[in-house]
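[1] need a structure here:
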Amino acid sequence: MSMQVEGALRARAIVDDKLTRPLRFFAASNELEDWSPLQMADVLERARAFFVACRDRPETVATADYEAFDTTIAAYATFRERERTSTKRSIDQKTTIADVEAVRDRLYTDHVDDVARATMLRALTAWGEGGLRTFEGGQAMRYVGEGDLAAANQTADLRRTFDGVRRNTNEVEGEFGTLKHYNGMFYNQSLTSLEGVVSCQRDHVFGRIAAAHAVKRRRRVDDDVAGRTTKRARHRAAQVTGRLDALDDNVIRAVVEVGRRGRGEHKARADERSAAARARHLERRAGKVEQLLERQIALYAKGVEAMTGEPLVDETALGGKTRLATIHRGLDDAVATFATGRAKTTALKQNIDRYVVGMGMDDLKPKSYTSTKDSAIGAFGTPTNVAFLTQELKKIYEAIKTGGRVLVSEAVIPATRRRQLPVLGTATTQ
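    Below you'll find the predicted structure:
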């Protein structure tokens, strides 16, 4: 590994130790469950100071003594101590390793090559500059300095407004995460059963009493021969209490019995709702199919109508050896035979529609046939408009002549085509 790569990795590890792990604790830890968003103001102020320190004094940040956050907060001090004493067993289960503290020792006390250290400090500086730019360009600035939610501006009324407001969405995310996990295990259950089971589990309705009322099954492994993980799980299950434990035993049995009897009724209602939703879906789908068919029929009728007009030039010349310049002169002569500009525009539009609508060459359709705002297109029947449509029809002749397009004698059936989206930048080779 190169010295530059080592330096960049050390910088990333320092940011993880000094900022990422503590900030994740303050943002998501259940130990601070009573914190509101307002109490994150000091945390964000210190996070901003960390970015400034990385930018201006990276050598200070890259020391074991530097601490970005307030260690007088009891929960945070406990978290840091828990990390310091955290251990893991090696793969062979024979050696105990201080998984966090050992990394810190290597990170801050190891001798570092001069090139690696220089790279590490440059990376910390860049990290500080980028982090500070993102921080100061976002909503976090409301919680620091003179922001409306900063500690200095938190009035008593503001604190009362935020009473009971959680600083994160852990509860919602936990609910949906449990729903996803449980539905993955039992994917064929009804929505009612899924919601009921997960809600009871998340709300701690059932605890150790659940085993007492579950269908008895013989354990595959007895406790005396079960593995450590199995024993631990069984022990935890035996210690958990649920909210139903507060009720009388007779009431508990009655609640469980009612739940069992109502299962079929719940399932029937869920199946009924599912069937109704399916019927509504099929009805909407049938309506969309009918609309699409009507649209296809209308487009086909329009194509048939477009094919009824007479072409201004002999179409056999488009597929033969006649030169394109000769075809263009023939078009100019044909247009000149019409007495008025309106008649010329009508004839040109009919011929363009013959190829665009009747023969399905919709990619050759002009931007517009007439326009009172665009001076390059011109209003209906004006010399500018006649010249524009003549040029557009010549482009169609050129595409047919040089692009190998096939002319047909009957209107084509409209087909769905993939929309051509604009490409930004240079396309990569697939």
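
[2] alpha carbons only for contacts and neighbour counts from here, please
    OK.

[3] mind listing what's buried in stretch 391-401?
    392-394, 396-398, 400-401 (16 or more other C-alpha atoms under 10 Å).

[4] can I get those residues in JSON lines including pLDDT, distance to residue 148 and secondary structure?
    As requested, the buried residues of stretch 391-401 are exported to JSON lines (pLDDT from 0 to 100; distance: C-alpha to C-alpha, whole Å; DSSP: H, G, I helix; E, B strand; the rest coil):
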{"residue": "392", "pLDDT": "92", "distance to residue 148": "60", "secondary structure": "helix"}
{"residue": "393", "pLDDT": "91", "distance to residue 148": "64", "secondary structure": "helix"}
{"residue": "394", "pLDDT": "92", "distance to residue 148": "65", "secondary structure": "helix"}
{"residue": "396", "pLDDT": "91", "distance to residue 148": "63", "secondary structure": "helix"}
{"residue": "397", "pLDDT": "90", "distance to residue 148": "67", "secondary structure": "helix"}
{"residue": "398", "pLDDT": "90", "distance to residue 148": "66", "secondary structure": "helix"}
{"residue": "400", "pLDDT": "89", "distance to residue 148": "66", "secondary structure": "helix"}
{"residue": "401", "pLDDT": "86", "distance to residue 148": "69", "secondary structure": "helix"}
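
[5] let's have the residues you listed in CSV, adding distance to residue 78.
    Shown next, in CSV, are the buried residues of stretch 391-401 (distance: C-alpha to C-alpha, whole Å):
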residue, distance to residue 78
392, 77
393, 80
394, 81
396, 77
397, 81
398, 79
400, 78
401, 81
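
[6] nearest to residue 147, of the residues you listed?
    Relative to residue 147, the closest of the buried residues of stretch 391-401 is residue 392; by C-alpha to C-alpha it sits at 59.6 Å.

[7] for that closest one, give me its contacts.
    352, 366 (C-alpha atoms under 8 Å, 6 or more residues apart in numbering).

[8] shouldn't residue 412 be in contact with residue 362?
    No: counting by C-alpha atoms under 8 Å, residue 412 sits too far from residue 362 to count as a contact (11.4 Å).

[9] after the helix or strand residue 117 falls within, next one along is what?
    According to DSSP states H and E, residue 117 maps onto helix 114-136. Next helix or strand after helix 114-136 toward the C-terminus (DSSP H and E): helix 156-161.

[10] ok, back up a step: residue 412 and residue 362: which has the busier surroundings?
    residue 412 (17 against 13; other C-alpha atoms under 10 Å).

[11] from residue 165, how far off is the spatially most central residue of the chain?
    Note on the chain: the residue nearest the mean C-alpha position is residue 173, at 15.6 Å, using C-alpha atoms, centre = their mean. Going from residue 173 to residue 165 by C-alpha to C-alpha, to the nearest Å gives 16 Å.

[12] give the contact list for residue 129.
    51-52, 54-55 are the contacts of residue 129 under C-alpha under 8 Å, 6+ apart.

[13] stretch 366-373: which residues count as buried?
    Those would be 366, 369-370, for stretch 366-373 by 16+ other C-alpha under 10 Å.

[14] cool, stretch 150-161 as well?
    Here stretch 150-161 shows 150-151, 154 as buried, counting by 16+ other C-alpha under 10 Å.

[15] identify the residues contacting that stretch?
    By C-alpha under 8 Å, 6+ apart, stretch 150-161 touches 38, 41-42, 142-144, 146-148.

[16] list buried members of those residues by neighbour count.
    38, 41-42, 143-144, 147.

[17] mind listing the helices for the stretch 151-300 of the chain?
    156-161, 170-185, 191-202, 209-213, 228-239, 249-306 (DSSP state H, counting those that start in this stretch).

[18] looking at these, which is buried most?
    Highest mean neighbour count of these: helix 191-202, a mean of 15 (counted as mean count of other C-alpha atoms under 10 Å).

[19] just the buried residues of stretch 353-367, please?
    353-361, 364-366.

[20] meant to ask about stretch 23-37, not that
    Per 16+ other C-alpha under 10 Å, stretch 23-37 contains these buried residues: 23, 25-27, 29, 32, 35-37.

[21] for those residues, work out which two are farthest apart.
    Pairwise across the buried residues of stretch 23-37, and taking C-alpha to C-alpha, the largest span is found between 23 and 36, at 15.1 Å.

[22] below-threshold pLDDT in the stretch 251-400 of the chain: ranges please.
    Applying pLDDT under 70 to the stretch 251-400 of the chain flags the ranges 259-264, 266.

[23] coming back round to it: and which of the buried residues of stretch 391-401 is nearest residue 310?
    residue 393 (14.2 Å).

[24] one step back: for the buried residues of stretch 366-373, give me a markdown table that also has distance to residue 298.
    Formatted as a markdown table, the buried residues of stretch 366-373 follow (distance: C-alpha to C-alpha, whole Å):
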| residue | distance to residue 298 |
| --- | --- |
| 366 | 21 |
| 369 | 21 |
| 370 | 23 |
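
[25] select from the contacts of residue 129 the one having the most neighbours.
    Ranked by neighbours (other C-alpha under 10 Å), the contacts of residue 129 are led by residue 51, which has 27 neighbours.

[26] how far away is that one from residue 191?
    Residue 51 is 47 Å from residue 191, by C-alpha to C-alpha.

[27] and residue 394, by the same measure?
    62 Å.

[28] repeat for residue 226
    Counting by C-alpha to C-alpha, the gap from residue 226 to residue 191 is 35 Å.

[29] next one: residue 63
    54 Å.
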